[in-house]
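**Student:** Make a model of this:
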Amino acid sequence: MILGLLKEQSNENRVALLPEIVQSLSDLKVEVWVEQDAGANALATDADYENAGAKVVSRKEVFEKSDVLLQIQSPVAEDIKKIAKNQVWISAFNPLWDTELVKTFLEKGITTFSLDSIPRTTRAQAMDILSSMATVAGYKAVLEAAIKLPTFFPMFMTAAGTIRPANVLILGAGVAGLQGIATARKLGAQVQVFDVRSAVKEEVMSLGGKFVEVEGATEDKEAGGYAVEQTEEYKKKQQQAVNDHAAKANVIICTAQIPGKKAPVLISKETVETMKPGSVIIDLAASTGGNCELTENDKTIEHKGVTIVGESNYPSQMPVDASRMFGKNVLNFLKLIIGEEGALNLNFEDDIVKGTCITNKGEIYNERVKSVIENK
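**Tutor:** Residues are numbered from 1 along each chain as shown. Model prediction:
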């Protein structure tokens with residue numbers, strides 16, 4: 001088969017496959033066609049791809065000749081028109097949120113796979129792009145907070161007196177939150193962490209964070225490790241606990257999201273106004289509404305002395321290693337759909353292949369996406 005690697009559109013600096021992964025695919029007898037300058041923002045030249053065995057062509061040729069089309073972000077409207085029924089589209093297009101795009105794929109009869117829907121099982125860990133990219137996001141979020149904060153992160157004992165360490169509050173102890181804890185602690189900050197899932201308490205404490213407990217949280221083993229919608233009674237307790245800790249925080253890192261739903265608002269406008277001047281909020285949930293009521297996606301604003309950064313794509317700001325991690329995840333997934341002699345083999349008996357497939361032959365294959373769309 002021919003795998004077509006597309007250059008990302010808009011402000012995305014990553015690339016789905018670096019030359020080192022192209023070499024691995026060539027070894028599997030897959031022919032890789034790469035759009036010109038696809039890896040330029042990730043410091044991978046066309047010559048690098050050619051040396052790895054790829055064929056560098058125009059965007060038009062990639063769309064016309066490829067059996068499988070691959071990129072990171074969702075296709076733009078113009079690109080959707082170019083995808084043929086006999087082609088397979090692979091990217092991370094957030095189908096639980098962007099249901100209109102799913103419906104468009106259905107209408108066109110396109111076979112699609114969304115890499116952010118890979119089942120969260122032990123076998124699929126090597127393909128989990130969400131965890132890989134959340135690692136980058138958690139790391140970068142803390143570094144940006146440290147840069148924007150007008151005070152030090154660590155404690156300093158100096159001749160001029162003692163500098164107290166920064167107080168960091170992290171909302172959500174998923175992969176991004178855990179990486180945020182590790183990075184903030186390495187920088188010398190005191191870290192407190194809130195999450196509705198009691199199972200993460202041990203991980204938080206092992207990284208040096210203090211777990212903020214609020215009794216009465218609803219947990220669902222069927223949610224695959226994600227947070228779930230909470231009762232109104234719990235939300236009131238949660239809001240009070242967050243308010244109390246936010247007022248003492250120098251930095252808040254927001255990571256809490258619920259797949260397919262608007263991000264829960266955990267930091268109200270009133271809470272922001274109780275924070276110290278110079279404090280920083282980094283909201284990684286900005287693209288789905290944000291955990292802070294005042295967050296604006298892709299913008300940095302200031303409200304009464306508090307800086308609020310709405311940023312959902314920190315991996316694009318670290319394109320080399322983020323692309324490397326993403327590409328390794330993609331390679332491990334592609335191996336499931338590459339048959340003998342490099343032929344395309346869509347084995348829907350494989351739970352990972354079926355779970356990652358969103359649309360095929362006019363049907364929705366992913367059960368969670370199907371449920372979301374049916375209930376809308």
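**Student:** Report the separation between T356 and I252.
**Tutor:** Distance from T356 to I252, counting by CB to CB, to the nearest Å: 33 Å. Yep, even glycine has a C-beta here, placed from its N, CA and C like the rest.
**Student:** more neighbours, those two?
**Tutor:** More neighbours surround I252 than the other of T356 and I252, with 30 against 24 (other CB atoms under 10 Å).
**Student:** The more buried one: what secondary structure?
**Tutor:** Secondary structure, DSSP: H, G, I helix; E, B strand; the rest coil: I252 is strand.
**Student:** For it, give me the pLDDT.
**Tutor:** As predicted, I252 sits at a pLDDT of 98.
**Student:** Please report how far it lies from T307.
**Tutor:** Counting by CB to CB - I252 and T307 are separated by 11 Å.
**Student:** now the helices for the stretch 251-376 of the chain?
**Tutor:** Ranges of helices within the stretch 251-376 of the chain are 269-272, 319-337, 351-356, 367-374, based on DSSP state H, counting those that start in this stretch.
**Student:** Any idea which of those has the lowest pLDDT on average?
**Tutor:** Lowest mean pLDDT of the helices of the stretch 251-376 of the chain: helix 367-374, a mean of 92.
**Student:** name the helices or strands packed onto that helix?
**Tutor:** Contact here means 3 or more CB pairs under 8 Å, 6 or more residues apart in numbering; DSSP states H and E; on that basis helix 367-374 packs against helix 99-108.
**Student:** What is the helix it packs on packed up against?
**Tutor:** In terms of contacts (3+ CB pairs under 8 Å, 6+ apart), helix 99-108 is packed against helix 77-80, strand 357-360, strand 363-364, helix 367-374.
**Student:** what's the closest of those to E100?
**Tutor:** helix 367-374 (9.8 Å; CB to CB).
**Student:** returning to what we had before: make CSV out of the helices and strands packed on helix 99-108 and add mean neighbour count and distance to E107.
**Tutor:** Shown next, in CSV, are the helices and strands packed on helix 99-108 (neighbours: other CB atoms under 10 Å; distance: least, CB to CB, whole Å):
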stretch, mean neighbour count, distance to E107
helix 77-80, 12, 10
strand 357-360, 24, 10
strand 363-364, 16, 12
helix 367-374, 15, 13
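**Student:** of all the ones you listed, which lies closest to I110?
**Tutor:** Closest among those, using CB to CB: strand 357-360, at 6.3 Å.
**Student:** from the chain's centre, how far out does the closest one sit?
**Tutor:** 20 Å (CA atoms, centre = their mean, to the nearest Å).
**Student:** how about the strands in the stretch 201-350 of the chain?
**Tutor:** Taking DSSP state E, counting those that start in this stretch as the criterion, the stretch 201-350 of the chain contains strands spanning 210-212, 251-254, 280-283, 300-303, 306-310.
**Student:** buried stuff in the shortest one?
**Tutor:** Burial within strand 210-212, assessed by neighbour count using 16 or more other CB atoms under 10 Å, is assigned to F211, V212.
**Student:** and it, which strands flank it?
**Tutor:** strand 190-194 (parallel) (DSSP bridges).
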